[in-house]
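Asker: requesting a structural model of the entry that follows:
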Amino acid sequence: MKFKTLAREWLDEVHAKQVKDSTSVNVGGEISRHLFDQLGDLDIAQITPKILLDVLLEIGSHSPHLAKRLCQRLNAIFVYAGVMGYTDKNPAYRLNNFLPKNKSKHHNHISDPKQLSRLLKDVDNERGITPVTKSAFWVLVY
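Answerer: From the prediction side, this is the model:
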């Protein structure tokens, strides 16, 4: 069985029955856009962990989050294949341990109460801010 056939069967028989239609369409599009070019025509017996890892690492170099999601999808697809008797191996098992980690991004913030007090006074005294904008700011603060 080709990977493309297996993935579509999993989408129709399992995934589509568990999620909203829009989610199923999005996941199907994600799989077809990112996995079918390299894996679609391979027989599932030919697919090794190394093949999947190479595909996921390439995706992960641009989007670590997407690579993690696709790894989860691949695992679910191969679990389904095992349950249906199409294969007795899951080449996606534990591949997420080898994918790049998401980099956390720390946003600027004010942690000193004196700085926060100064900011609130400055905004309150600023004449170049419209009343609507100033009110919106205070709503955010509260």
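
Asker: quick check: longest helix of this protein.
Answerer: Among all segments of the chain classified by DSSP state H, the helix with the greatest residue count is helix 64-84.

Asker: alpha carbons of that one, as CSV, please.
Answerer: Listed in CSV are the C-alpha atoms of helix 64-84, where the atom choice follows Å, rounded to 0.1, in the frame of the first residue of the first chain:
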residue,chain,number,x,y,z
PRO,A,64,9.8,23.3,14.3
HIS,A,65,6.2,23.5,15.3
LEU,A,66,4.9,22.1,12.0
ALA,A,67,7.5,19.3,12.1
LYS,A,68,6.2,18.2,15.5
ARG,A,69,2.6,18.3,14.3
LEU,A,70,3.4,16.3,11.2
CYS,A,71,5.3,13.8,13.4
GLN,A,72,2.2,13.3,15.5
ARG,A,73,0.1,12.8,12.3
LEU,A,74,2.6,10.3,10.9
ASN,A,75,2.5,8.4,14.2
ALA,A,76,-1.3,8.3,14.2
ILE,A,77,-1.3,7.1,10.5
PHE,A,78,1.2,4.3,11.2
VAL,A,79,-0.7,3.2,14.4
TYR,A,80,-3.8,3.0,12.2
ALA,A,81,-1.9,0.9,9.7
GLY,A,82,-0.8,-1.5,12.4
VAL,A,83,-4.4,-1.9,13.7
MET,A,84,-5.7,-2.5,10.2
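
Asker: packing partners of it?
Answerer: Under the contact definition 3 or more CB pairs under 8 Å, 6 or more residues apart in numbering; DSSP states H and E, helix 64-84 sits against helix 3-10, helix 21-34, helix 49-60. Heads up, the C-betas are built off the backbone N, CA and C, glycines and all.

Asker: any chance of these in TSV, with distance to residue 82 too?
Answerer: Compiled in TSV, the helices and strands packed on helix 64-84 are given as follows (distance: least, CB to CB, whole Å):
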stretch	distance to residue 82
helix 3-10	11
helix 21-34	18
helix 49-60	15
